[in-house]
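structure for the following, please:
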Amino acid sequence: MEGWSEGAVDKVRASSRCHTVGPSFAFLGSEFDMSDRSVGNDRNDELTVGTGRSHLPADLAPLGKSAESGQSSDSDLDSYQHASLRAREAFARAEEATKGGEDAEALEQYLQCAAAAESAHEWYLTAVSCERVARFLMNPHPPNDVERALRMYRRAAAAYEQSGLFTEARLITYLVNSIRLWRVREVSMRFVQRAELFTYWLTAGFGLRPLRVVATSLTIIFLYGMGFWLMGGAVDSQTGQTANLLDSIYFSGITFVTVGYGDLVPLPHARWVALTEGFCGAFLMGFFVVVLAHRLAPA
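As a prediction, the model looks like this:
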């Protein structure tokens, strides 16, 4: 936000303190481009829903021509509809400010929209507004606040789930974990926790990529097969002949899935190696079921 006056920055920070409601909801590097994430970015990517709409519909706002023309009297509306209308109006003002290049004003209006939409249980408006605020806070220019951006992203994910948009919620969740993993300087985390998170990303895509578990399993089978072949660790139980490369990979596969047909057996010096592969196989097969269930679950 180069070119902003100090007064504009102070206004944004003051607005952030005034309009944030309640505590945060509880919940790659190159896979996500964190550049160009300002509020005014209307790029139609997979992480943003509803970009480019000046008047995002509020689900609980009154319907009909009178509502559209603003002729509904206060007595006709309940508290939820009042908040819903305020949220819709704030979102429209934010979009207009965005088009005019007034990023500070746009951020303030998005915060007002998120607060009003949350109180009205307008979860879709809440999600879009919180996501845009979070994208702004991830910008390297002031007022940059990665920790608060993560909280806003979590709010957006929770609101998307409330709206029944589970795919969008999963994308936000994936992004949050990616930021926690790769933004080493901005997000403090113990080395052991970061190593666990990295392993979780590598093997299962933060629990959202079951095919990564399959790829991990195939990689382990191949690597163990190469190891058995290089050490001559598997032999034919009938002839005693040492297994070749393909037979070693086959032996690795049946060891991984704990089948054990008995046609190939490990030699004494490779028994403990085969035991470790059997453990990995039992663990990863159960892990795949958990990740697949998590991926297919509606929330």
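
from here on, just use CA atoms for contacts and neighbour counts.
Will do.

ok, now how distant is Thr219 from Arg271?
20 Å (Cα to Cα, to the nearest Å).

check which residues of the helix or strand harbouring Glu168 are buried.
In this assignment (DSSP states H and E), Glu168 forms part of helix 166-182. Neighbour counts over helix 166-182 (16 or more other Cα atoms under 10 Å) mark 166-170, 172-181 as buried.

off-centre distance for that helix?
Relative to its chain's centre, helix 166-182 lies at 1 Å (Cα atoms, centre = their mean, to the nearest Å).

any idea of the mean pLDDT for that helix?
If you average the pLDDT over helix 166-182, you get 93.

tell me which strands and helices that helix is in contact with?
Here helix 166-182 touches helix 146-162, helix 191-204, going by 3 or more Cα pairs under 8 Å, 6 or more residues apart in numbering; DSSP states H and E.

turn these into TSV, including distance to Cys113, mean neighbour count and mean pLDDT.
Output for the helices and strands packed on helix 166-182, formatted as TSV (distance: least, Cα to Cα, whole Å; neighbours: other Cα atoms under 10 Å; pLDDT from 0 to 100):
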stretch	distance to Cys113	mean neighbour count	mean pLDDT
helix 146-162	13	24	93
helix 191-204	33	15	94
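
as TSV, the ones you listed with distance to Thr276 would be great.
Formatted as TSV, the helices and strands packed on helix 166-182 follow (distance: least, Cα to Cα, whole Å):
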stretch	distance to Thr276
helix 146-162	38
helix 191-204	18
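
out of these, flag the one nearest Gln238.
Ranking the helices and strands packed on helix 166-182 by proximity to Gln238 (Cα to Cα) places helix 191-204 first, at 37.4 Å.

quick one: that closest one to helix 166-182, angle?
Counting by axes from the mean of the first three to the mean of the last three Cα atoms, to 10 degrees, helix 191-204 lies at 140 degrees to helix 166-182.

coming back round to it: return the angle between stretch directions for the helix holding Glu168 and helix 146-162.
160 degrees.

kindly tell me how buried Gly286 is, as a neighbour count.
10 (other Cα atoms under 10 Å).

now the longest helix belonging to the chain against helix 191-204, angle please.
Identified as the longest helix of the chain according to DSSP state H is helix 271-296. Helix 271-296 and helix 191-204 meet at an angle of 80 degrees, taking the same axes, to 10 degrees as the criterion.

show me where the chain has its helices.
Using DSSP H, helices in the chain cover 6-19, 65-69, 79-99, 103-119, 123-137, 146-162, 166-182, 191-204, 210-231, 245-256, 271-296.

tell me the one of the buried residues of helix 166-182 nearest Gln193?
Of all the buried residues of helix 166-182, Gln193 sits closest to Leu181, with 9.4 Å by Cα to Cα.

now for Arg183, how many residues are close by?
Each residue near Arg183 was counted by other Cα under 10 Å, and the total is 14.

residue contacts, it?
For Arg183, the contact set (Cα atoms under 8 Å, 6 or more residues apart in numbering) is empty.

again with the one 10 residues further on
Contacts of Gln193 were listed using Cα under 8 Å, 6+ apart, and none were found.

look up how far Glu147 lies from it.
17 Å.

residues touching Asn144, list them.
By Cα under 8 Å, 6+ apart, the neighbours of Asn144 are Phe136, Leu137, Met138.

could you find the closest non-adjacent residue to Gly262?
In this structure, Gly262 finds its nearest non-sequential neighbour in Ser237, 7.0 Å apart by Cα to Cα, 6 or more residues apart in numbering.

farthest pair within the buried residues of helix 166-182?
Taking Cα to Cα, no two of the buried residues of helix 166-182 sit farther apart than Phe166 and Leu181, at 22.5 Å.

could you find the closest non-adjacent residue to Asp236?
Asp236's closest residue in space is Leu264 (Cα to Cα, 6+ apart), at 4.7 Å.

any idea how far that neighbour is from Ser237?
Distance from Leu264 to Ser237, by Cα to Cα: 5 Å.

next one: Phe256
19 Å.

more crowded one of the two?
Between Phe256 and Ser237, counted using other Cα under 10 Å, the more crowded position is Phe256 (27 against 13).

tell me the contacts of Phe206?
Counting by Cα under 8 Å, 6+ apart, Phe206 makes contact with Tyr174, Asn177, Leu197, Tyr200.
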